[in-house]
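Asker: Sequence and predicted model, in that order:
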Number of protein chains: 2
Amino acid sequence: MTGSSSLGEDELIARFLAPLAGEGGFGLKDDTALLAVPDGEELVLTVDAVVAGVHFLPDDPPASIARKALRVNLSDLAAKGAVPRGFLLVLALPSGWTEGWMADFAAALGEDAAAYACPLLGGDTVRTPGPLTLSITAFGTVPQGTMVPRTGARQGDAVLVSGTIGDAALGLALHTGKAGAWADALTQEERAYLVDRYLHPRPRTNLTAALRASARAAMDVSDGLAGDCAKMLRTAGLGGEIDLSLLPLSAAARSALGADETLLETIATGGDDYEILCTVPESGVAAFTEAARHAGTPVTRIGTVGAPGGRLVLRDKAGERRFTRGSYGHF
Amino acid sequence: MTGSSSLGEDELIARFLAPLAGEGGFGLKDDTALLAVPDGEELVLTVDAVVAGVHFLPDDPPASIARKALRVNLSDLAAKGAVPRGFLLVLALPSGWTEGWMADFAAALGEDAAAYACPLLGGDTVRTPGPLTLSITAFGTVPQGTMVPRTGARQGDAVLVSGTIGDAALGLALHTGKAGAWADALTQEERAYLVDRYLHPRPRTNLTAALRASARAAMDVSDGLAGDCAKMLRTAGLGGEIDLSLLPLSAAARSALGADETLLETIATGGDDYEILCTVPESGVAAFTEAARHAGTPVTRIGTVGAPGGRLVLRDKAGERRFTRGSYGHF
């Protein structure tokens, strides 16, 4: 189980992936899969690719790689108000892959597929002379006409975000050994929490009903809150304002920021949050906040959508803040 | 337009890919796409990845790479009787990509998307330190319950195949300069025809209605006729027989085989045909053959499905033939 595997594609699929196949996946014995979309529902599609050395570290645990690859797609679906229905997996494998790695990868993928009720339906497995590359296409459904678009913000809407912001960016710094002296101010538990937030996004699938009911625009935060919010408002041709002192922070992120206040830039622009950023009409904020609390993931108001032609302004107590980098580009 | 591009992901998408976006693709401004599945229809899903240096030559024309990446997926859909509805594109780009390459790639992809009525709905663009890697997820629909499975063959069914077999395998040998002396026996036009068949698969989307009406089992031939037929019958637990003298050959393939009769193995096992292999009950062969002729792509009966527990036997006039390699594995 430790050396490079000589298994062919069919054996690899039969041994590691077919056991994960859901209804419509035909045990991965067909080239295609079948997905029934309930009457009155529409299909929401998303695809995200991750490359070793670019989006994750080659030595990251295979279970973490699997979970993150699936969850970033579930996060995209959640931001649209869509309920997950299934996914396709493309695995481009370098020649040195081992069966032990694949067993751990598949076990974690299967656990997540079950936990999120999003079965494996099919895929493709190819060799690559390059780094391990994973691409997952995920499918969700919404009642017809209820998908929450990225483009729907209107002037005066409240801007809200789910969970806490900045954990993953701080976790990445810790995970790659690039954290500053602030790391020493954290407890072992706080450091572990932040790294876990980087490795294992929490797609906010529990917020889908509340988003469909209340949000005019939404997206998940993957490239940094500041840049993603500017991008969302730009698609509507609008400016806006975010009060950085309102950003929801975990206890661990507050400890880090207490030790080094320059981390505010990392928190606001670092990315990999996989929280949901949305705009909600003023009249709907209370109901949305209550529904989110009831669903188990609090949302926090952090700003307001501004006027046509404006830009996104970030403020803290001292006035406007401009960060040197607007967002984390994975490209 | 000749040097490496410094365009970011958003500019790349806006300039080259957004113009291809169909309805439901939101101009590629959202992270997700929307697909309406007509009432009474089911969604058929397929995904195929191709890697430079593994599935195509890095110096192949970008237009050919684009067309093949999309068409191999359309071929999978066609074999299931599914009508194409749209696709998602994942592009993993090495750092040296040029805007000229991308312009040619996108233009050809857009032409094919229009020709096959299969619009671009979304995707992802990432950097890779490895070779160019493309992954396309394609969506089709069938009236509920009519998808033609790979697994449905029954003893006594006729085995049929569309178009002509072996052209692409011969074309690959010519394209890579690995053809034997037989190449000299071909006219320039014949050589060009075979290379074109390798570079530009013809997905048999015109056969979908006939397949749904008549076929019990079907798949597209991508890894070689002999191996793919054995695989299809194995999923039904059945054996069978193919008469190699019945394989439909193009004039160019007949010229090559006339010059070197050992090419029969390349023709029967070489792959990249993207023709449709199917089984049809004896009583339906005449109607299926007529419907296919009417649709513009002839089908040819090449064998018969055998008994449970049997294996696939290949015969020619001299008796049983066993090839040293059963199929071309792209893995």
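Answerer: Arrived safely, thanks for sending.
Asker: show me the contacts for residue A:293.
Answerer: Residues near residue A:293 by CB atoms under 8 Å, 6 or more residues apart in numbering or on different chains: residue A:299. In short, each C-beta sits where N, CA and C put it, glycine included.
Asker: Please tell me how far it sits from chain B.
Answerer: 26 Å (CB to the nearest CB, to the nearest Å).
Asker: do residue A:24 as well
Answerer: In terms of CB to the nearest CB, residue A:24 sits 8 Å off from chain B.
Asker: didn't that residue look like it was pressed against residue A:121?
Answerer: Yes: Residue A:24 lies in contact with residue A:121 (CB atoms under 8 Å); the separation is 5.5 Å.
Asker: More neighbours: which of the two?
Answerer: residue A:121 (28 against 21; other CB atoms under 10 Å in any protein chain shown).
Asker: Check the more buried one and give its pLDDT.
Answerer: Per-residue pLDDT puts residue A:121 at 92.
Asker: For residue A:313, pull up the helix or strand it's in.
Answerer: Secondary structure assignment for residue A:313, by DSSP states H and E: strand A:312-316.
Asker: Any regions of chain A where pLDDT drops low?
Answerer: A:1-2, A:325-331 (pLDDT under 70).
Asker: Kindly state the domain boundaries assigned to it.
Answerer: Following automatic domain parsing, chain A resolves into domains at A:9-143, A:158-321.
Asker: Can you name the residues that contact residue A:263?
Answerer: Contacts of residue A:263 by CB under 8 Å, 6+ apart are A:166, A:170, A:182, A:256-257.
Asker: can you give me phi and psi for it?
Answerer: Main-chain torsions, residue A:263, degrees, to the nearest 10: phi -70, psi -10.
Asker: And it, how far from residue A:228?
Answerer: 19 Å (CB to CB, to the nearest Å).
Asker: Which parts of the stretch 151-300 of chain A are helices?
Answerer: A:167-175, A:188-199, A:208-214, A:225-235, A:251-259, A:263-269, A:285-295 (DSSP state H, counting those that start in this stretch).
Asker: cool, and the stretch 1-150 of chain A?
Answerer: Under DSSP H, counting those that start in this stretch, the stretch 1-150 of chain A gives helices at A:9-12, A:62-79, A:99-115.
Asker: what angle sits between the longest one and helix A:167-175?
Answerer: When you say that, I think you mean helix A:62-79. With axes from the mean of the first three to the mean of the last three CA atoms, to 10 degrees as the basis, helix A:62-79 and helix A:167-175 are set at 160 degrees to each other.
Asker: Which elements pack onto helix A:62-79?
Answerer: strand A:41-51, strand A:83-93, helix A:99-115, strand A:133-143, helix A:188-199, helix A:208-214, strand A:217-220, strand A:276-280 (3 or more CB pairs under 8 Å, 6 or more residues apart in numbering or on different chains; DSSP states H and E).
Asker: would CSV of the ones you listed with mean neighbour count be doable?
Answerer: Supplementary listing: the helices and strands packed on helix A:62-79 in CSV, determined by neighbours: other CB atoms under 10 Å in any protein chain shown:
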stretch, mean neighbour count
strand A:41-51, 24
strand A:83-93, 24
helix A:99-115, 18
strand A:133-143, 25
helix A:188-199, 19
helix A:208-214, 22
strand A:217-220, 27
strand A:276-280, 28
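Asker: Next, format the ones you listed as CSV and append distance to residue B:60.
Answerer: Listed next are the helices and strands packed on helix A:62-79 as CSV, based on distance: least, CB to CB, whole Å:
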stretch, distance to residue B:60
strand A:41-51, 21
strand A:83-93, 18
helix A:99-115, 31
strand A:133-143, 20
helix A:188-199, 38
helix A:208-214, 43
strand A:217-220, 36
strand A:276-280, 41
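Asker: Tell me which of the ones you listed sits nearest to residue A:159.
Answerer: strand A:276-280 (5.6 Å; CB to CB).
Asker: Return the list of strands paired to that closest one, each annotated with direction.
Answerer: The strands beside strand A:276-280 in its sheet (DSSP bridges) come out as strand A:158-162 (antiparallel), strand A:217-220 (antiparallel).
Asker: And residue A:29, how close does it get to chain B?
Answerer: Counting by CB to the nearest CB - residue A:29 and chain B are separated by 5 Å.
Asker: so who does the residue lying closest to that residue once chain neighbours are set aside touch?
Answerer: In space, and not counting its chain neighbours, residue A:29 is closest to residue B:235: 5.2 Å by CB to CB, 6 or more residues apart in numbering or on different chains. Applying CB under 8 Å, 6+ apart, we find residue B:235 in contact with A:29, B:150-151.
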